[in-house]
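Asker: here is a sequence together with a model predicted from it:
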Amino acid sequence: GAVVSQHPSWVICKSGTSVKIECRSLDFQATTMFWYRQFPKQSLMLMATSNEGSKATYEQGVEKDKFLINHASLTLSTLTVTSAHPEDSSFYICSARDRVGGEQYFGPGTRLTVT
Amino acid sequence: RKEVEQDPGPFNVPEGATVAFNCTYSNSASQSFFWYRQDCRKEPKLLMSVYSSGNEDGRFTAQLNRASQYISLLIRDSKLSDSATYLCAVNSKSNKLTFGGGTRVLVKP
C-alpha cells in the first residue's frame, strides 16, 4: 500500500521558536496533501489543503502566516509552525492523495510540545 | 450542529460479542464515506469505505443510509485487538474529508 512518512515524529521546542514538519509520499506522487491537527481526545481538524506548485488553502480560523505550508514537489509538503506557543502543542498529521476522489493515506503524525 | 457526529462512547464490549454504532452527517451532498481506525497516539488507518449498497469485510460491516444521513459500522465476534477509536469520515463536494469525533470501543475478556 501507499506509504506516507513524516519527520520528525516528535519535537519539543521553546516558545517563540519555529518548527518545520516534513510530509513525504514514498511510493506515489501526491497531487494533494492535507494537514490536520488533533488535540487530546478530539477528532482530526483539517488545517489546510495543499496542491503541488500552488498556494495552500487554509480552513477558517487557521492563520496562514503562522502555519506556513510549502508543497514544492509531488512527494514533499512541509508545515512550519512559526513563533510556536504552548497552545500549538498538538498532534500534527499529514495525508496525501494521488488523485481527486482517491484514498487518503496518512502519515504517522508529529507530536509537537511547546514549552 | 457539527458536520459529522459520533457517539464518543466508550462502548464496552465483551470479547466475542457484536457491537454497532452510527455516524450522522449534515451535508446531504456528501459523496463518499469511510470508516477509519485510530489507535492511541497513532495516525488513523483506513478500515473500509462505505458503499451505497452496504459492504462487508470479514467481521466488519458498513452501511449507508442516505435518507437519514448516517453510516454505521458493525463489528462481529469482537476481538481484544478491536479496541480502538473508530472515526467516520465524509468526503464533501470540495473533496475534503471531514472527520467525526470518534467512537471509542473497548473489548474486554
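Answerer: Alright, I've got the coordinates.
Asker: got any ranges where the chain has weak pLDDT?
Answerer: Went with chain A since none was named. Along chain A, segments meeting pLDDT under 70 span A:1, A:100-101.
Asker: to clarify, I was referring to chain B.
Answerer: Ranges of chain B meeting pLDDT under 70: B:93.
Asker: spell out which parts of it neighbour chain A.
Answerer: B:32, B:41-46, B:49, B:87, B:91, B:95-102 (C-beta under 8 Å from any C-beta of the partner chain). For glycine as for every other residue, the C-beta is placed from the backbone atoms N, C-alpha and C.
Asker: go again using 7 Å as the cut-off
Answerer: Residues of chain B lying close to chain A (C-beta under 7 Å from any C-beta of the partner chain) are B:43-44, B:46, B:87, B:95-97, B:99-102.
Asker: which strand residues bridge B:L64?
Answerer: B:I71 (DSSP bridges).
Asker: I'd assumed B:I71 was in contact with it.
Answerer: Yes: B:L64 is within contact range of B:I71, at 5.1 Å (criterion: C-beta atoms under 7 Å).
Asker: which of the two has more residues huddled nearby?
Answerer: Neighbour count, other C-beta atoms under 10 Å in any protein chain shown: between B:L64 and B:I71, B:I71 has more, with 26 against 21.
Asker: touching, that one and B:V50? I think so.
Answerer: Yes: counting by C-beta under 7 Å, B:V50 is a contact partner of B:I71 at 5.0 Å.
Asker: closest to A:T49 out of the residues of chain B next to chain A?
Answerer: Using C-beta to C-beta, B:K96 is the member of the residues of chain B next to chain A that sits closest to A:T49, with 6.4 Å.
Asker: in contact with that closest one, which residues?
Answerer: Residues counted as contacts of B:K96 (C-beta atoms under 7 Å, 6 or more residues apart in numbering or on different chains) are A:46, A:49.
Asker: okay, and A:Q42 sits in which element?
Answerer: Applying DSSP states H and E as the criterion places A:Q42 outside every helix and strand.
Asker: and the nearest residue to it once chain neighbours are set aside, backbone torsions?
Answerer: Leaving aside its chain neighbours, A:Q42 sits nearest to B:G101 (6.8 Å; criterion: C-beta to C-beta, 6 or more residues apart in numbering or on different chains). For B:G101, the backbone dihedrals are phi -70, psi -10 (criterion: degrees, to the nearest 10).
Asker: okay, now B:G101: neighbour count?
Answerer: 19.
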